[in-house]
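# The sequence and its predicted three-dimensional model are supplied below.
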There are 2 protein chains.
Amino acid sequence: MELIKIAATMKDVAEYAGLSIATVSKYINGIKVKEENKKRIDEAIKALDFRVNEIARGLKTKKTTTVGVLIPSLENIFSTTIVSKVESILLKYGYSTIICDYRQNRELENEKFDFLINKQVDGIILVPYGINESKIIEALKEDIPVILIDRSIRGVDCDIVLADNLNAAYNAVEILITKGHRRIGIICGPQDIYTAQERLKGYIRIHEDYELEIDENLIKYGDYEIQSGITLMNEFLDQKNPPSAVFITNYEMTLGAIMALNSRNIKIPDEISIIGFDNIQLANVVKPKLSIVVQPMQQIGEFAANLLIKRMKGDDSGFPAMVRLKTEILEGESVAVINSYI
Amino acid sequence: MELIKIAATMKDVAEYAGLSIATVSKYINGIKVKEENKKRIDEAIKALDFRVNEIARGLKTKKTTTVGVLIPSLENIFSTTIVSKVESILLKYGYSTIICDYRQNRELENEKFDFLINKQVDGIILVPYGINESKIIEALKEDIPVILIDRSIRGVDCDIVLADNLNAAYNAVEILITKGHRRIGIICGPQDIYTAQERLKGYIRIHEDYELEIDENLIKYGDYEIQSGITLMNEFLDQKNPPSAVFITNYEMTLGAIMALNSRNIKIPDEISIIGFDNIQLANVVKPKLSIVVQPMQQIGEFAANLLIKRMKGDDSGFPAMVRLKTEILEGESVAVINSYI
DNA sequence: AACTCCACGTTAATCGTTTCACTTTTTATT
DNA sequence: AATAAAAAGTGAAACGATTAACGTGGAGTT
């Protein structure tokens, strides 16, 4: 005969210990209680295998100790690395993390944001794409802190943590320039995405600083997916005057670009130089080793999580915070030194 | 003056509509209500921007419409692909997904399992590693369905969804054999992991079926991490009589193995043939294109999610279910044809 | 001994739903 | 029109915690 064991409540504990529910509750919530009673309660808790019912608690306190993380995709290293870090930090504070993936789809992004709000999360970390800014404003107004990652949203005062994308691109392209490249292609992300704009700005600025002309034919816009990388790299290769080097501004498109080169049997860096983005593992497994821009993803996650904790504690100092973290360049062997200009 | 808008409750709706709370509740839960009242309630809901408080509901119903997913790592394609699929299916049914990552750490795995139970999830999907089986039994007894993925646990009757690892390995090694390889190395996972055992069994069985001897020196055990792949591949290469082909049984070790080969400048497949595991993107970006075993990760996620839904609805038919899905082999150019045996 | 404090306890209301056990209204039947 | 049966609506008690507001007993003071 299986008896389904029914979970003990605080009432049971109180009875077992011969005290009132209120006393037990207080003890559990860290309020002082007589030594003697402390013992009795502990004993009762152990004997009954009591655990507070978070739901009931949540109903009273209007807190769920749950936060939502909304990202473009679970199949993308940038997002998952951040999520992984965020989750581990939040867990330390007793929060659980609901992760939602919106598949690069604006509509889904909006829906899932609502879903999280509906689930009454205590806070949200969002890597935004096309969210309706009013939703964020609304959330903030309802006292649900939101931390943006990677992309700011026009017209919304909101904490944000991101990489210094402009300088990431600036530095990457500078490497190409100092190695002698003059016709440098860039495969950008969508024009309406902040991060993508910043990366392009970096490309443009370094050209200005070196007084190099910008050839519009060397700027191509993709959608951050593998296929874009393939298509756009092929377009470059088919140009009458192709670039000697290409800077690709995210991981998936870097993958695609390499696939395109491989399938045409083009040697890196002999025939074309490459700087990619974001995935150290990829960089090491490709031959020759790829030079890539590495975002401090762990750090981004760390800052975001800690900032969120702070906001959820009600500390609004420095709002809205903008944390901009430095990127790094990992040099491989995918960039050739050429002398055309000497 | 900012007025923080306080969410409307069912009571408010009832008052606005001039009905009782009970009626409103019933309507919301799909019980028939007079057409006229339907309208009034809808109107009230809209006017007050009412949304049910899931917490309060959960307190009464003892359901959270939340499920937990516990995986070894968020930085591993196998897990994230599954999670992504699971999440999207569950969401359709109104469930949210709490994702926990235990970093290949048994202790953390046990802790996070408890955490999920404590959060009162309605069900759990688990890719187990070293969990204490009593925890699962306990959960099942408390009527929280658990679906295992990829690895069964001795002594526990539990639904499980996995790939046919034995035949995956069998088929992969068979390809090597039919192409003339006779000294075939295998880089296995940890000996205490079910999946790893199965893959090794496949390797052994195909050898038996072709009446080939098994050389213990050709079997190496790793821990499913990149470094293992590097180390073990190097060990193979340093043997007096190295294998002509190596089958590597997970993604991370495949990465490592390729890094080892690259750093020693060994040509694939001219000097050694390779069959790897699990990552299609990787397979395409490496040169030459890698031959790999592909698990039907999406399908695994799909089956697991649907089975969980079924269990949560209280349908225990066919318990414990074992769903074993076929793998596929994606042939690249990393396997050489040799004629030693002709 | 009377009085004030202080530390610790307790009572009871409350959070926003669901649902049981009725009551009232509507419809169908004769 | 009367009545039974079916349908729709209601009041109030849960669910399991937190927390004001208040109660109590004993040490300290005079």
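Sure thing, it's come through.
# A:I136 - how many residues pack around it?
A count of nearby residues for A:I136, using other Cβ atoms under 10 Å in any protein chain shown, gives 22. C-beta coordinates here come from the backbone N, C-alpha and C atoms, glycine included.
# for the helix or strand of chain A with the lowest mean pLDDT, which positions count as buried?
When each helix and strand of chain A is scored by mean pLDDT, DSSP states H and E, helix A:280-285 comes last, with a mean of 84. Buried residues in helix A:280-285, counting neighbours by 16 or more other Cβ atoms under 10 Å in any protein chain shown, are found at A:281-285.
# For it, what is the distance to the chain centroid?
Relative to its parent chain, helix A:280-285 has a centroid offset of 20 Å by Cα atoms, centre = their mean, to the nearest Å.
# now do stretch A:9-22
Distance of stretch A:9-22 from its chain centroid, counting by Cα atoms, centre = their mean, is 45 Å.
# Alpha carbons of that stretch, in CSV - could you do that?
The C-alpha atoms that make up stretch A:9-22 are tabulated as CSV, following Å, rounded to 0.1, in the frame of the first residue of the first chain:
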residue,chain,number,x,y,z
THR,A,9,3.2,22.6,6.6
MET,A,10,4.3,25.2,9.1
LYS,A,11,1.2,24.4,11.1
ASP,A,12,2.4,20.8,11.6
VAL,A,13,5.8,22.1,12.7
ALA,A,14,4.2,24.5,15.1
GLU,A,15,2.1,21.8,16.6
TYR,A,16,4.9,19.3,16.9
ALA,A,17,7.0,21.9,18.6
GLY,A,18,4.2,23.2,20.7
LEU,A,19,4.5,26.7,19.5
SER,A,20,2.5,29.1,17.4
ILE,A,21,2.8,29.2,13.6
ALA,A,22,3.9,32.8,13.9
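# Contacts (any at all) between chain B and it?
No - against chain B, stretch A:9-22 shows no contacts by Cβ under 8 Å from any Cβ of the partner chain, the least distance being 11.6 Å.
# any idea of the mean pLDDT for that stretch?
Averaged across stretch A:9-22, pLDDT comes to 93.
# Would you mark the buried spots in the helix or strand where A:M259 lies?
Under the criterion of DSSP states H and E, A:M259 resides in helix A:251-263. Within helix A:251-263, the residues that qualify as buried are A:251-262, counting by 16+ other Cβ under 10 Å.
# now, which of those sits nearest DNA strand D?
Nearest to DNA strand D among these is A:Y251, at 44.1 Å by Cβ to the nearest atom of the strand.
# what pairs with A:V161 across the strands?
Beta-bridge partners of A:V161, counted by DSSP bridges, are A:I149, A:V323.
# Is any residue of the helix holding A:M259 near chain B?
Yes - counting by Cβ under 8 Å from any Cβ, contacts between helix A:251-263 and chain B involve A:255, A:258-259, A:262.
# residues in contact with that helix?
Defining contact as Cβ atoms under 8 Å, 6 or more residues apart in numbering or on different chains, one finds that helix A:251-263 is touched by A:76-78, A:187, A:189, A:222, A:224-234, A:237, A:246, A:248, A:268, A:272, A:274, A:276-279, A:282, A:286, A:290, A:292, B:281, B:284-285, B:287, B:289.
# In ChimeraX, select just the buried ones from these.
The buried subset of the contacts of helix A:251-263, as determined by 16+ other Cβ under 10 Å, is captured in ChimeraX by this line:
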select /A:76,77,78,187,189,222,224,225,226,228,229,230,231,232,233,234,237,246,248,268,272,274,276,277,278,279,282,286,290,292 /B:281,284,285,287,289
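# picking that back up, put together TSV for the residues of helix A:251-263 next to chain B, with pLDDT on each row.
Output for the residues of helix A:251-263 next to chain B, formatted as TSV (pLDDT from 0 to 100):
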residue	pLDDT
A:L255	91
A:I258	93
A:M259	92
A:N262	90
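# mind checking the backbone torsions on A:V286?
phi -80, psi 150 (degrees, to the nearest 10).
# next one: A:I55
Backbone torsions of A:I55, given as degrees, to the nearest 10, read phi -70, psi -50.
# Could you do A:T97 as well?
Dihedral angles (degrees, to the nearest 10) for A:T97: phi -120, psi 120.
# Over to the one 3 residues further on?
Backbone torsions for A:C100, taken as degrees, to the nearest 10, come to phi -120, psi 140.
# For the closest residue in space to it that isn't next to it in sequence, give me its contacts.
Excluding its sequence neighbours, the residue lying closest to A:C100 (Cβ to Cβ, 6 or more residues apart in numbering or on different chains) is A:K112, at 4.2 Å. Contacts for A:K112 (Cβ under 8 Å, 6+ apart) come out as A:70, A:100, A:102, B:91.
# Now do the buried residues in the helix or strand A:K112 falls within.
Element membership of A:K112, judged by DSSP H and E, is helix A:106-118. For helix A:106-118, the neighbour count (16+ other Cβ under 10 Å) marks A:108-110, A:112-113, A:115-117 as buried.
# With stretch A:97-105 instead?
In stretch A:97-105, counting by 16+ other Cβ under 10 Å, buried: A:97-104.
# Next: stretch A:146-156.
A:146-153, A:156.
# Give me the contacts around it.
The contact list for stretch A:146-156 (Cβ under 8 Å, 6+ apart) reads A:78, A:82, A:123-129, A:131, A:133, A:136-137, A:139-140, A:158-163, A:193-195, A:300, A:304, A:307-308, A:311, A:322.
# Other residues contacting the least confident helix or strand of chain A?
Applying Cβ under 8 Å, 6+ apart, the contact partners of helix A:280-285 are A:251, A:254-255, A:276, A:289-292, A:294, A:330, A:332, B:226, B:255, B:258-259, B:262, B:282, B:285-286.
# Would you map the helices across chain A?
In chain A, the helices defined using DSSP state H lie at A:10-17, A:21-28, A:35-48, A:54-61, A:77-92, A:106-118, A:133-141, A:165-178, A:194-209, A:226-238, A:251-263, A:280-285, A:297-312.
# Counting by contacts, list what the third one packs against.
Using 3 or more Cβ pairs under 8 Å, 6 or more residues apart in numbering or on different chains; DSSP states H and E as the contact criterion, the neighbours of helix A:35-48 among helices and strands are helix A:10-17, helix A:21-28.
# hmm, the last one touching DNA strand D?
Yes - in this structure, helix A:21-28 sits against DNA strand D according to Cβ under 7 Å from any atom of the strand; the contacting residues are A:21-22, A:25-26, A:28.
# Filter those residues down to the buried ones, PyMOL style.
To isolate the buried members of the residues of helix A:21-28 next to DNA strand D in PyMOL, using 16+ other Cβ under 10 Å:
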select buried, chain A and resi 25+26+28
